[in-house]
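Student: Quick one, what's the 3D model for this:
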Amino acid sequence: MKIVLITGANRSIGLEITKQLSKKGLFIYLGARDLEKGNEAVQQLNKEGFENIKAIEIDVTKPVSIEAARKTVETEQGKLDILINNAGISGEFPQSASSASITAIQHVFDTNFFGVISVTQAFLELLKKSEAPRISNITSGLGSLTLHSDPSWKYYDFKATSYVTSKAALNAFTITLAHELKDLPFKVNAIDPGYTATDFNHHNGPGTVESAATFIIKHTVTANDAPTGMFYSNDIEDETEVSPW
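Tutor: Residues are numbered from 1 along each chain as shown. Have a look, this model is predicted:
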């Protein structure tokens, strides 16, 4: 049975990914900053018939929390097959490039960028024990420098400094990590679930959590000959689904 860790999984897209992977017969660690909320989510999932799910406390901004989660997975499973770095925050608005405080920007980066690096590095040795390790960094099309430079892009005017730059940095980290691990069986990709209506954005956006989760899983649970170091977007309307960096 494949072992999965999903950060920020007690609600929205992370919760839906958990449901869909449970149906596929995988064992999922449902990561949550608040273990009580994580356990509540698991209890509800169990009532709905979902199995092989365990809540695990993990705050991606706190090294002690990350290390405790790593030790739990190591002790109970001895390996990790799939890491989905889903936890993220948008930060407070407005986010003007000329006036956003360094503190506000750092707060978003702590979760969206440094948190991903911290979790990935902590679990890397457990992932190396998998026959087919996968790391999916959940990003946004808003992290595309190419699209942000195109006035015809439908989201061109959304220039939220903290969020946009954190996702662009995350995309860059994905490229460097994928390159470092290219000679191993890892697949490391950045995946944009698209503009999805969730608690994260006050339920704005045309996409559903079901579609978002399906798309993320499609580019996570992949074959051995699948690409690595890619940027996939659920907002790209063609067969490649590859987004410009």
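Student: residues making contact with stretch 134-141?
Tutor: For stretch 134-141, the external contacting residues (C-beta atoms under 8 Å, 6 or more residues apart in numbering) are 13, 81-86, 88, 116, 120, 127, 147, 155, 163, 167, 170-171, 173-174, 177, 186-195, 216, 219-222, 231, 233, 235, 243. C-beta coordinates here come from the backbone N, C-alpha and C atoms, glycine included.
Student: Narrow these to those in strands?
Tutor: I82, L83, I84, N85, K187, V188, N189, A190, I191, D192, F231, S233 (DSSP state E).
Student: will you turn these into JSON lines that also has neighbour count and pLDDT?
Tutor: Output for the ones in strands among the contacts of stretch 134-141, formatted as JSON lines (neighbours: other C-beta atoms under 10 Å; pLDDT from 0 to 100):
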{"residue": "I82", "neighbour count": "23", "pLDDT": "99"}
{"residue": "L83", "neighbour count": "30", "pLDDT": "99"}
{"residue": "I84", "neighbour count": "27", "pLDDT": "99"}
{"residue": "N85", "neighbour count": "29", "pLDDT": "99"}
{"residue": "K187", "neighbour count": "26", "pLDDT": "98"}
{"residue": "V188", "neighbour count": "26", "pLDDT": "99"}
{"residue": "N189", "neighbour count": "23", "pLDDT": "98"}
{"residue": "A190", "neighbour count": "29", "pLDDT": "98"}
{"residue": "I191", "neighbour count": "28", "pLDDT": "98"}
{"residue": "D192", "neighbour count": "28", "pLDDT": "98"}
{"residue": "F231", "neighbour count": "24", "pLDDT": "98"}
{"residue": "S233", "neighbour count": "25", "pLDDT": "98"}
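Student: Can I get these in JSON lines including distance to N137?
Tutor: Listed next are the ones in strands among the contacts of stretch 134-141 as JSON lines, based on distance: C-beta to C-beta, whole Å:
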{"residue": "I82", "distance to N137": "12"}
{"residue": "L83", "distance to N137": "9"}
{"residue": "I84", "distance to N137": "8"}
{"residue": "N85", "distance to N137": "5"}
{"residue": "K187", "distance to N137": "12"}
{"residue": "V188", "distance to N137": "8"}
{"residue": "N189", "distance to N137": "7"}
{"residue": "A190", "distance to N137": "5"}
{"residue": "I191", "distance to N137": "7"}
{"residue": "D192", "distance to N137": "10"}
{"residue": "F231", "distance to N137": "10"}
{"residue": "S233", "distance to N137": "13"}
